[in-house]
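Q: Next comes the sequence, and after it the predicted model I'd like to discuss.
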Amino acid sequence: MTARASLTLGPVLFNWPADSWSDFYARIADEAEVDRVFLGEVVCSKRSPFYEDRILEAAERLQKAGKEVYLSSLVLVTLPRERKAMKELAEGAELPLEVNDLTMMRYLEAGKAFAVGPLVNVYNEGTLAWLAGRGARLVCLPPELPIGSVASLAAAGGKAGIDTEVWAFGRVPLAISGRCYHARIHGLSKDSCQFVCGEDADGLKVETMDGEDFLAVNGVQTMSFTHASVLGDLEALEAAGVTSFRLSPHDCDMVEVARLFRARLDGRLEAGAAMERLGALLPEARFSNGFLFADYGAEMVEKAERQVA
Amino acid sequence: MDRLELVCPAGTPAALRAAVDAGADTIYCGFRDETNARNFPGLNFSREELAEGVRYAHNAGVKLLVAINTFPRAGEPEKWHAAVDDAAKYGADAVILADLGLLAYAAEKQSQLRRHLSVQAAAANADAINFYVDTFGVKRVVLPRVLTVQEIAAINRQIKCETEVFVFGGLCVMAEGRCALSAYATGRSPNMNGACSPASHVVYREEGSDLVSKLGPFTINRVKRGAPAPYPTLCKGCFSAGGYEGHVFEDPVSLDAATLLQEFAKAGVTALKIEGRQRSRSYIQTVVRSFREATEAQAKGLPIMANELKRLTEGQTTTAGAYAKTWR
């Protein structure tokens, strides 16, 4: 392999209390072995007022600690105030942006470098080339892509000077809606939601009628019940040309999660031992890597039984 | 007021002829492969069937659109490029596209072919829409089903192209083109394969006094035997969360916005879209005829009766969906 693969800490997708949010990033700045950090509200614009005045302070602290900082845009932009906020984000920011909706292409200055988040549909080389021409430098691929597509895109990305990133850890964002499911489950509507999503720091579990763990609800977002983890698959993904791995923040020891990924990437830790330690950090979680390596997303395939496409 | 354009689905040549004869203004269909978002067995058009369909439609003064609205697979764009090229070659009036790369291809290689933006592109505000208009010359956008009528009116005041809205049929509760729920349970998704909750992954099983329907390994519905068993579309299933038990995402309803036609017209909408390329010829005939009458009434400024299509709809109940703000 050529360059050292990097670690990205994605934006917090959940509704955390502002103080927890600040404390989380303070600790990330001081202790986490990640190369870049994405900040800002992606899921629901109603949450922004609670912590938006803290973003620049967190960004400064992260930058002083040597981390690249990006500001993340909203995934679904419909309201006038959301458009206004996104326009200001694009035009005012000195920090680079993570584009999570193509609305941002309307506001971004031509040629200005940006990152593309996993909720933008980058499924093929044509789209990748178009985004590269507009200034994309880092693209986190949609989490549903299989390893074969990842390899094709990483090859094209390499030629276009784009870092190719995959969703490496955390519940997978599967869908976004105009409707708030947290509110609906609590008998409320989106407009009078009482911010009930704040009760579930990692999302609210959805079970089937047979009691199987299935999905998780995070406001207007629907996620996997499983936590994606490619901790055992980093060699295969690096061989496929992936140059960056995204860790999505959860209410657990993310410093240790980052340490495990870094140790694996540096060849200092075996897959089995790493996965055992990750399991100990999240005793309630079940892991999956099925989008990349199996027939469907919820599955977890161990290396031995996997057929890399 | 101008009559709203009625855009009708055709999954087969027979359905196309039925829709044309029943009063459609425009037909949309897809090629028989994964380039379109209704890639179901036995559905869609060969190249020859498309050529014949264009002739039939044009003879009746009806337009024909080709939906090429999945996202081309990495490493094999040829199938999608060929679909765009052939839509032009066989005389389609427009293509309905969602992928950035494919829009760029079509704008460059078939610049004379009119481009519509698919709902799968999820362009949900005026700035996103104007980006597609300015960059790829898009002439019409199919609006995502996350907007209220008021929001649609505001969008129409600020954009430089036509809008088309869904008026009847299946209802996605998630922003389309941005949903991997089906892939999580089955590995097959609308974006990659043109299929959601595919029949190939559905199992119905009797368990004691229950009938269980599964999608992949997951139970989506469990009803008493003898009760109508809904198809296990993932987002319409029955689940439990936080002490709530029921349809966490959406009830098994379908969209019927017939009573909103005057409001759509006032909001500046150009065209109404009926969902259902997977539907039978007789369904298409009935629905198209009913909406043709409704648009005639709309053009004359007459009140529009709640139509009699309820028995045709999924789950037999209907909703105006996101068009009413309370839905959220």
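A: Received it, and whenever you're ready, just let me know what you need.

Q: now the strands for the stretch 151-300 of chain B?
A: Secondary structure of the stretch 151-300 of chain B by DSSP state E, counting those that start in this stretch: the strands cover B:162-169, B:202-207, B:210-215, B:218-224, B:239-241, B:244-246, B:254-256, B:271-274.

Q: Any idea which residue of the stretch 1-150 of chain A lies closest to chain B?
A: residue A:126 (2.3 Å; Cβ to the nearest Cβ). Backbone N, C-alpha and C define where each C-beta goes, glycine included.

Q: Residue A:24: which of the strands of the stretch 151-300 of chain B is closest?
A: Ranking the strands of the stretch 151-300 of chain B by proximity to residue A:24 (Cβ to Cβ) places strand B:239-241 first, at 25.4 Å.

Q: tell me which element the residue of the stretch 1-150 of chain A closest to chain B is part of?
A: Taking DSSP states H and E as the criterion, the element that holds residue A:126 is helix A:125-134.

Q: between the very next helix or strand once past that helix and helix A:125-134, how big is the angle?
A: Where DSSP H and E defines the elements, the next helix or strand beyond helix A:125-134 is strand A:136-140. If you take axes from the mean of the first three to the mean of the last three Cα atoms, to 10 degrees, strand A:136-140 sits at 140 degrees to helix A:125-134.

Q: Whichever helix or strand comes after strand A:136-140 close to chain B?
A: Using DSSP H and E, the helix or strand that follows strand A:136-140 towards the C-terminus is helix A:147-159. Yes. If you take Cβ under 8 Å from any Cβ of the partner chain as the test, helix A:147-159 does meet chain B, through A:148, A:149, A:150, A:152, A:153, A:156.

Q: Count the residues that sit near the closest residue to residue A:150 other than its chain neighbours.
A: In space, and not counting its chain neighbours, residue A:150 is closest to residue A:240: 5.5 Å by Cβ to Cβ, 6 or more residues apart in numbering or on different chains. Applying other Cβ atoms under 10 Å in any protein chain shown, we find 22 other residues in the vicinity of residue A:240.

Q: isn't residue A:240 right next to residue A:149, touching?
A: No. Counting by Cβ atoms under 8 Å, residue A:240 sits too far from residue A:149 to count as a contact (9.8 Å).

Q: Report the contact partners of residue B:193.
A: B:34, B:39, B:70 (Cβ atoms under 8 Å, 6 or more residues apart in numbering or on different chains).

Q: Next one: it from chain A, what distance?
A: 10 Å (Cβ to the nearest Cβ, to the nearest Å).

Q: For whichever residue of the stretch 51-200 of chain B sits closest to chain A, pull up the helix or strand it's in.
A: Per Cβ to the nearest Cβ, residue B:101 is where the stretch 51-200 of chain B lies closest to chain A, at 2.3 Å. Assessed by DSSP H and E, residue B:101 sits inside helix B:100-109.

Q: helices and strands around the very next helix or strand once past that helix, which ones?
A: From helix B:100-109 onward toward the C-terminus, using DSSP H and E, the following helix or strand is strand B:114-117. Identification of packing neighbours for strand B:114-117 by 3 or more Cβ pairs under 8 Å, 6 or more residues apart in numbering or on different chains; DSSP states H and E yields strand B:94-97, helix B:100-109, helix B:126-136, strand B:140-142.

Q: does the shortest one come close to chain A?
A: Read it as strand B:140-142. No. Under the criterion of Cβ under 8 Å from any Cβ, chain A is not reached by strand B:140-142; the shortest gap measures 12.5 Å.

Q: Touching that strand from outside, list them.
A: So strand B:140-142 is contacted by B:94, B:96, B:116-119, B:121, B:123, B:129, B:132, B:159, B:161-166, B:270-271, B:273 (Cβ under 8 Å, 6+ apart).

Q: Try it again at 7 Å.
A: B:96, B:116-119, B:123, B:129, B:132, B:161-164, B:270, B:273 (Cβ atoms under 7 Å, 6 or more residues apart in numbering or on different chains).

Q: hmm, which two among the residues you listed are most spread apart?
A: B:132 and B:273 (17.5 Å).

Q: residues from the stretch 1-150 of chain B in reach of chain A?
A: By Cβ under 7 Å from any Cβ of the partner chain, the residues of the stretch 1-150 of chain B that approach chain A are B:71-75, B:77, B:99-102, B:104-105, B:124-125, B:127-128, B:130-131, B:146-147.

Q: Can you list the low-confidence ranges for chain B?
A: B:306-317 (pLDDT under 70).
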